[in-house]
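# Provide a 3D model corresponding to the input given below.
(chains A and B)
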Amino acid sequence: MSDGAQRDPDVPATRDGLALEARDLVAGYEPGLPIVQGASLTARPREVVAVLGPNGSGKSTLVKAIVGLLPVTAGTVEFFGRDITGLPAHQLVRQGLVFVPQTENVFARLTVRENLELAAAVLPGPRRRGRIESQYALFPDLGRLRTLAAGRLSGGQRQMLAVARALVVEPRVLILDEPSAGLAPRLAAVVFDTLRTVRALGVTIVLVEQNVRAAVALADRATVLVEGRDRLTRAAAGFLEDAEVARLYLGGPGARAR
Amino acid sequence: MSWLPFLVDGLLLGSTLALGAVGLTLTYSILGFANFTHGDLITWGAYFVLSLLLAWTAATGGGLGRLGPLSFGWPFLAALAVAMILTGAVGLALDRVLFRPLQRHGAQIVLVIASFGASLALRYGLAFVYGPEPAYYTREIQLAAPVVPGLPAVRATPDQLFVLGLTAVLVVGLHLLLTRTTLGRAMRAVSENPALARMVGVDPLAVARWTWLLGGALAAVAGVFVGLTVQVRPWLGFDLLLPLFAATILGGVGSVYGAVLGGLLIGLAEAFAVPLVGAEYRAAVAFMVLLVVLLIRPRGILGTHE
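Numbers count the residues shown, from 1 in each chain, chains lettered A, B, ... in the order given. Model prediction:
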């Protein structure tokens, strides 16, 4: 992305140089029933961080709380050094923190182009067209299908559109919730190829995944969540051979490294 | 072809129902509840124009002018524009003081019942101020003339043609709004998936505000259509509520184009019921059409919701 260097100029210099830092977060769907119970997560600029863990360990809840979709009961979230705890999702998008949910992540009744135009609406008028065109350049399939209703896309194409729609606003941090879930292995591979493209653009990525091998192959670091808490964080290299990881996964309730 | 004279009647009622049903379907899909005050917003629109015209004649001492063969002049059009804004503002105010505070408690049925109560208050408020007697924008008698060459039975007055023409203009305008503007795409996005809309940067409260304004403005036009072609009464919108819901459901809840289509179909069905089965059955015929369509297509003609 050629214009990837255009950033919000009033972001202060970052403490510890972190793009995203969630500290001791407590959050859940209902008050009094926290699913995330004091979890921390960090991502450095341009880093890809995988968030792993067994089913029900609170991975999705953690990232939804970070992006302002769920109420945060305790803890803080900082985005490039600025406190964004509890800010609503639609405001965080304007700051460059963008979330791609796991399911129903495109507007089925809008066309491919309208999905992208909707996202581009947060940008200043003159830049919108160019940002949409650069998505078509990045994902030629979407350019070809631009007048089609998104509901008629295949599963893999939908994930591609969801990622493209997130990239329209030039996110500084992109958070994805299980982008390969429910896809056939071949399509899941396409999604991870897409993410490799995004990574090459220099976007910081936080990736929630069940597919441990694929996630670790893409990531620089991985954090494992168990029962709503971050239990360990390791470099992605050597992650699968790590004894502690094996113990957590094999010992954890109902899940193992695939 | 004894039913032909009823074609214009059906299209007039259909136009009114179409504009009313668009607002109803928008508020239902974007705000998430069946809004019973919508009928009374229609009535308020009609009374805003009546009040503005009374004020105008009182202030100027003059008449309302004439535009070509129409029974009214530009003061009427200006009053219509102002009434659209005022009715939208009434919707906004209702949202602010009633629906939004209640929405925090969650249950949809609370909102529906609250809207029923607000509907009563709005209706009887008008009846208290203006009295229950019908009023008219103009006392002028217009003659209906044939409008389709070769079909002398199809007759309409100039005012009736104005109603049909304005409906067409508004429907085209609405289509352009929904497909060509950021606001329109945001409204469609919120109606499909409010949570995802927030994630792509749509402010849900801003969209809700525009929905009330737009729904209220269209309701006002629908009310003025009734006032222009029938009469102004405190119950005019409430009497339209059942056919409005029928039109909304027939077209498919959440579909703007479905609402327009449903409105026209219900309007035509009611009008053609008069020569075919008798005037006393017109409301029943509209609902028969609704039942038959729903048995074949449970989601409505253009509906996509499960």
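
# only C-alpha atoms for contact and neighbour calcs from this point on.
Noted.

# Taking the stretch 51-200 of chain A, what residue is nearest to chain B?
In the stretch 51-200 of chain A, no residue comes nearer to chain B than A:His90, which is 3.9 Å away by Cα to the nearest Cα.

# which stretch of helix or strand covers the nearest residue to that residue once chain neighbours are set aside?
Nearest non-adjacent residue to A:His90, counting by Cα to Cα, 6 or more residues apart in numbering or on different chains: B:Gly201, 3.9 Å away. Of the helices and strands defined by DSSP states H and E, none includes B:Gly201.

# Could you double-check that B:Gly201 sits in contact with A:Gln95?
No. The pair B:Gly201 / A:Gln95 is not scored as a contact, 10.1 Å apart, by Cα atoms under 8 Å.

# So for the two, which sits in the more crowded spot?
Each of B:Gly201 and A:Gln95 has its neighbours counted (other Cα atoms under 10 Å in any protein chain shown); B:Gly201 has more, 23 against 19.

# Compute the number of surrounding residues for the residue of the stretch 1-150 of chain B found nearest chain A.
As assessed by Cα to the nearest Cα, chain A sits closest to B:Gly106 within the stretch 1-150 of chain B, at 13.0 Å. Residues lying near B:Gly106 (other Cα under 10 Å) number 10.

# so is A:Thr85 in a helix, a strand, or just coil?
The three-state label given to A:Thr85 by DSSP: H, G, I helix; E, B strand; the rest coil is coil.

# Not counting its neighbours along the chain, what's nearest it?
Closest to A:Thr85 by Cα to Cα, 6+ apart is A:Val77, at 4.8 Å.

# List the buried residues of the host helix or strand of that neighbour.
According to DSSP H and E, A:Val77 maps onto strand A:72-79. The neighbour-count check on strand A:72-79 (16 or more other Cα atoms under 10 Å in any protein chain shown) flags A:72-73, A:75-79 as buried.

# Now the two most distant members of those.
Distance extremes for the buried residues of strand A:72-79: the farthest pair is A:Thr73 and A:Phe79 at 18.1 Å, using Cα to Cα.

# circling back to that earlier point, pick out whichever of the buried residues of strand A:72-79 sits closest to B:Gly267.
A:Val72 (50.8 Å).

# want to try TSV for the buried residues of strand A:72-79, with pLDDT and distance to A:Ala200 as columns?
Formatted as TSV, the buried residues of strand A:72-79 follow (pLDDT from 0 to 100; distance: Cα to Cα, whole Å):
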residue	pLDDT	distance to A:Ala200
A:Val72	92	32
A:Thr73	92	35
A:Gly75	94	32
A:Thr76	95	29
A:Val77	96	26
A:Glu78	96	24
A:Phe79	96	21
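
# related to what we said a few turns ago, which other helices and strands contact the strand holding A:Val77?
Where contact means 3 or more Cα pairs under 8 Å, 6 or more residues apart in numbering or on different chains; DSSP states H and E, strand A:72-79 is packed against strand A:20-27.

# Let's see the following helix or strand past the strand it packs on as CSV, backbone CA atoms only.
Reading on from strand A:20-27 to the C-terminus, the next helix or strand found by DSSP H and E is strand A:36-43. Output in CSV follows, covering the C-alpha atoms of strand A:36-43 (Å, rounded to 0.1, in the frame of the first residue of the first chain):
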residue,chain,number,x,y,z
VAL,A,36,-12.3,-12.8,30.5
GLN,A,37,-11.0,-12.7,34.0
GLY,A,38,-7.9,-10.6,34.1
ALA,A,39,-6.3,-11.2,30.7
SER,A,40,-3.4,-9.1,29.2
LEU,A,41,-2.3,-8.9,25.6
THR,A,42,0.2,-6.8,23.7
ALA,A,43,1.1,-6.2,20.1
